[in-house]
Structures are given as C-alpha cells and as structure tokens.
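Chemist: My questions are about this predicted structure, shown below with the sequence.
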Amino acid sequence: MNEPKSPVSRCPFSAAAKNFDPFDPEFLQQPFPTLKELREAEPIFFDEKLGYWVVSRIDDAKAILRNAKDFSADIVLDPIVPLYASTIENFMRSGFSGGGGSLVNDVNPEHDERRKWLAKSLTPQRVKELEPFVREAVARCIDSFVRDGEADLAQQLGNQVPAVVLLHFLAIPQEDIERVKSWAEPTILFSWGRPTEADQNRMADRLGEFWHYCKAHIARLRANPGNDVVSEAIRGQQEKKLWTDEELTRMVLNFAFAGHDTTINAAANMFLTLMQHPQAWEALCRDPLLIPNAVEECIRYSPSVISHRRRAVNKVIVGGAEIEPDDKVLIYFAAANRDESTFRDGERFDIHRDGPNRHVTFGFGWHACYGAPLARLELKLMLEEMTRRLPGIRLKPDQRFSYAPINTTMRGPGRVLVQWDPATNPLPADRPER
C-alpha cells in the first residue's frame, strides 16, 4: 500500500458518515442504501462514537484482510461494548475464559498451524460424505410442512438443517442439539450488540453453562474419539500441543455458534431474496444447474455476516487513512460486496452474474471462513430440494421482516413466511432424486 500525499482525516466529513449508527434498528432493517452512500462519499472514516474505522470499499477490505503483518484478528469475538464489572465477576465465577483458540480470532503462527491440522476434517471428500446426511435433513424438514400450504422457511428449514452439521461435524449428540442451539443464540448480542448490564449478565450465565458443556463434550471425545473436527483437534493437542484445554473449549463453543447462527441467517436471507425476485426463483426451478451460482449471488447480495473486525498492530495506511497501532477497524462486507469496481451494477441481484464468488462474505486471505464449504453445501441442498418439491412457493403478503437482535455483524430475518397450493404438489413422499 503506497502512502498518499494527503492522508484522510480521522474526522468524517460526509453527512452519511456523521449520521452513521450501526445500532439503529432501521439501519439493520435496510443497511444497503446507507452503505452505498458511505462507499461513494467516504469509504473509510473514523467513527468517534463507536471507536472504529469504518471501511466499505472492497479493495480496502481485501487489503486489510490479507495483511496479517499489520492487522490482527484477536478482537473478532470481543464484545464491541466493554463488559460491565458485574459480568466480569460472573464469568470469573463460571470459569468461562475469553481469548484465542477459535481459529477466527487466532494470530500467527498458531492460526496457520491449527488450521493446517484441521484441514483434514474438511477435505472435499469429507464434505461429499456429509452430503447425504444434510440432504436427508433438508428432506425431513420439507416433509414436515409440504402438505400445509405455508411455512416459515427461516425457522422450519434454515433453523433446522445446521443441526446436522453439529451432529456430524462436531459430534454433538442428537439429544443435546436443542440445548446447544439455545446456548449459541446469545453470542450475537453479546459479542456484537449493545446489551444492558442485565442482558449482558443473563447472556454470561448461558455462556457459562455452554462453556461447561463444551468441556464435558471434549472429555467424552477424548475417551471415544471419532472422525469429527473436535476429535481431530484433540489429536492435535495431544500430538502437537496445538491447543491448551481452554483454547480447545473456546474452539468448540465458537464452532457450534458459527455452524448454526450464520447458516440460519444465510438461508433466511437467501430465500427472502429469491422470493423478492420471482423470475430468479422460476429460473432455478427450470434449471437446477444455476443453483451453485445463485447461492454465491445470494450470499454476495445479502450476506449473513455484514461486517467483521480487525485491530491494527502497526501504523499502516489504507485507502488514504493513517491507521495507528491498536486502532480498531470495522469492515463492512455488505458494502464491499456491492462495490462497482468489482461487481458491475452491484446493487442489482442477478443469479446469472459472472463471478459472484469474488465477494468477501466468508472473509478473505489468511482468515477466510473455515466452514465455508459446509455453508455452501447446506444452502445448495436447500435450494435443490425446495425448487424440486415446492416450485410454486411465494411470499405471504403483508409481511414485515424483523432483523434482531440489533448488532453490528449478524443479519437475517427472523421469519420468512411463504405459501403455495398443496393440491398442486406433484411429488410423492419418497422424494426421488433429480
């Protein structure tokens, strides 16, 4: 990155930057017009209220994400609003511990060593082996509502399928799935929201319970290891000392959250976007070969992770801004994904788009999302089965889509209500393959 002659001031000058508020419910409801205005008027600025540089251009986003020398991921999971003293005491009593070990917030050389070790758990062959289980989970969900004439695709499909990943990827027992899902839910508001002291303490209680569950789960797998990612990490700890006990517990806790909530929101966003573009849905129903490209366009156009964070470890210039050591950066993936410099007519949804996978929804560079192949698999299979079995679905009228909890990072509608005529469903219950 070459130093410009006139560095960007820390003070925002555009109206969009001065009025920017990531915790405004209206912003989370529809962030894209504001993000477009920021990207065009002031693509990098320092927000005094938030205490972060805000970045919205894709070139700047990639420059930061690929630069492990000058930017650290160690703050990714930290609460964006500092912990209350009472919450810290609560955590100390529970034994819950923050820090690294989760891949997403690791630093080098530990990050690369751990990721290389775990790569054997997510090879293309392993993903292929998971496909029958994921497809069957999708099919069971559709079976449960196919004759009803209406469904909530966020809760009845998107909220259910990721459990298969927890079962087979993390070896979570079937009887524990609902508990694990409920424990994972507070992470969004805790890490990226603006909770009250009472809210923060309630979430700390649940995270403390989740912490102890993860420790017990690791102990079970130590006694009876399998071919899941947790067992592989245990072997890495035993053979290479790649994790401490606390780091291993943090990894399991974070993987359970990341494998669940991010995919739920991605699925809800995907179906809502396609229902709002019925010609695209009809095209997928006619030609399932379009589905992989459509998945990429959906997660580009409406990502479930709209932003991510980094901390500068050295003085560095990005987009003309002089970023000092320990400055924090909030990178808006949702803005970068529509940058006209990479995506022609980027504000338009187009399942035929050439190269939609150039998005940064799964990050970029050394910290690109480890679980991205699983998320892509789940979304692809949901579309394959839904377009085949219920091609006539449409949005129920007069819906208002709610995006909660209010936070800087995760976004997805809580409900996506669709309807169809069950009498016209042409497919038998045995769900023949395409």
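Modeler: Perfect, thanks for sending it.
Chemist: For the nearest residue to residue 204 once chain neighbours are set aside, grab the count of nearby residues.
Modeler: Excluding its sequence neighbours, the residue lying closest to residue 204 (CB to CB, 6 or more residues apart in numbering) is residue 90, at 4.4 Å. In short, each C-beta sits where N, CA and C put it, glycine included. Neighbour count for residue 90, taken as other CB atoms under 10 Å: 20.
Chemist: so what's residue 90 up against?
Modeler: If you count contacts by CB atoms under 8 Å, 6 or more residues apart in numbering, residue 90 has them with 201, 204, 205, 208.
Chemist: try 7 Å
Modeler: 201, 204, 205 (CB atoms under 7 Å, 6 or more residues apart in numbering).
Chemist: Let me know the helix or strand that the first one is in.
Modeler: Using DSSP states H and E, residue 201 falls within helix 197-223.
Chemist: Give the buried residues for whatever helix or strand comes next after that helix.
Modeler: Using DSSP H and E, the helix or strand that follows helix 197-223 towards the C-terminus is helix 229-240. Buried residues in helix 229-240, defined by neighbour count with 16 or more other CB atoms under 10 Å: 229, 230, 231, 232, 233, 234, 236, 237.
Chemist: The fifth one contacts residue 245, correct?
Modeler: No: assessed by CB atoms under 7 Å, residue 233 is found out of contact with residue 245, at 11.3 Å.
Chemist: Quick check: neighbours shared by those two?
Modeler: Both residue 233 and residue 245 lack any common contact, where contact means CB under 7 Å, 6+ apart.
Chemist: so who does the residue nearest the centre of the chain touch?
Modeler: Nearest to the geometric centre of the chain sits residue 262, at 3.6 Å (CA atoms, centre = their mean). For residue 262, the contact set (CB under 7 Å, 6+ apart) comprises 304, 305, 375.
Chemist: Apply 6 Å and report the result again.
Modeler: residue 304 (CB atoms under 6 Å, 6 or more residues apart in numbering).
Chemist: what's the spacing between the helix holding residue 201 and its chain's center?
Modeler: Helix 197-223 sits 21 Å away from the centroid of its parent chain (CA atoms, centre = their mean, to the nearest Å).
Chemist: Measure how that helix sits relative to helix 229-240, angle-wise.
Modeler: 70 degrees (axes from the mean of the first three to the mean of the last three CA atoms, to 10 degrees).
Chemist: For helix 197-223, enumerate the helices and strands it packs against.
Modeler: helix 85-94, helix 229-240, helix 245-258 (3 or more CB pairs under 6 Å, 6 or more residues apart in numbering; DSSP states H and E).
Chemist: if you set the cut-off to 7 Å instead, what comes out?
Modeler: Here helix 197-223 touches helix 85-94, helix 177-184, helix 187-192, helix 229-240, helix 245-258, going by 3 or more CB pairs under 7 Å, 6 or more residues apart in numbering; DSSP states H and E.
Chemist: Nearest to residue 12, out of those helices?
Modeler: helix 187-192 (21.6 Å; CB to CB).
Chemist: where along the stretch 51-200 of the chain do the helices fall?
Modeler: 58-65, 85-94, 110-118, 124-145, 153, 162-169, 177-184, 187-192, 197-223 (DSSP state H, counting those that start in this stretch).
Chemist: Of these, which is nearest residue 8?
Modeler: helix 58-65 (10.9 Å).
Chemist: what mean pLDDT would you report for that closest one?
Modeler: Average pLDDT, helix 58-65: 97.
Chemist: Pass me the low-pLDDT residue ranges in the stretch 51-200 of the chain, would you?
Modeler: Under the criterion of pLDDT under 70, none of the stretch 51-200 of the chain is flagged as low confidence.
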